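Student: Have a look at this prediction, sequence included:
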Amino acid sequence: MPAPLRATADFFDELTNALLVLRVKAQQRFRPLAADVLNRRPGVGRWTVGQCLEHLNIVGGYFLPEIRKRLKQAQGRGSQPAAAVKSGFVGSRMIAAMRRPAGEKALTSPDRYAPTGTRLPRTVSEVFSRQLDELLSLVLLARQVNANAVRIPNPIIPLLYLRLTDQLELLVVHIQRHIIQAEAALATVEAKG
């Protein structure tokens, strides 16, 4: 069964609001943290706050420039916004999987997106904040084109191109998932003292 259509303005308003909430959390909770807190493990085999943010930075480092490039191409073609946002079959499945609570359905990150550092500098949170700002600006640009027609290549599955609408929603849900993970890691570290 196809996903229900959503009004374009409502869809982008929801993404914008979610990103603004995430931005406030990033500024208030993570940016002030000292490097030792960012790098303290909440438990064996669990990511630190810094590793959660580094993972998001790695993912953003691929997708944000690609989205910007595709949006500029759409603008150059004179693309106009559609009245409704469509979701593709694969995109909606990926978003649904990402929305499942981590305790219910653990997802593993491909090695190329896994955090590499164990002693990350505080700049990891600053880079994350800048990427949130960039994603917000891309959401604003996406409002001006037919985001249903823009396709974003998937680096893991080369033949898979998601609709921009699906990719943006997937990025936001992915960030939300890892911010919950980072907040849980921080709460555990703070409780341990």
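Tutor: Alright, I've got the coordinates.
Student: where's the residue most central in space within the chain, which helix or strand?
Tutor: The centre of the chain sits closest to residue 171, judged by C-alpha atoms, centre = their mean, with a distance of 3.0 Å. Per DSSP states H and E, residue 171 falls inside helix 164-192.
Student: For that helix, name the packing helices and strands.
Tutor: In terms of contact count using 3 or more C-beta pairs under 8 Å, 6 or more residues apart in numbering; DSSP states H and E, helix 164-192 is assigned the packing partners helix 8-25, helix 49-76, helix 89-99, helix 123-142, strand 151-153. All C-beta atoms are positioned from the backbone trio N, CA, C, and that covers glycine.
Student: sorry, back to before: wait, the residue nearest to the centre of the chain touches residue 59, no?
Tutor: Yes - with the criterion set as C-beta atoms under 8 Å, residue 171 and residue 59 qualify as a contacting pair; they are 7.5 Å apart.
Student: Residue 184: which of the helices and strands packed on helix 164-192 is closest?
Tutor: Using C-beta to C-beta as the measure, helix 49-76 is the one of these that comes nearest residue 184, at 9.4 Å.
Student: Which elements pack onto the helix or strand following that closest one?
Tutor: Remark: after helix 49-76, the chain's next helix or strand is strand 84-85, criterion DSSP H and E. For strand 84-85, the helices and strands in contact under the criterion 3+ C-beta pairs under 8 Å, 6+ apart are strand 6-7, helix 8-25.
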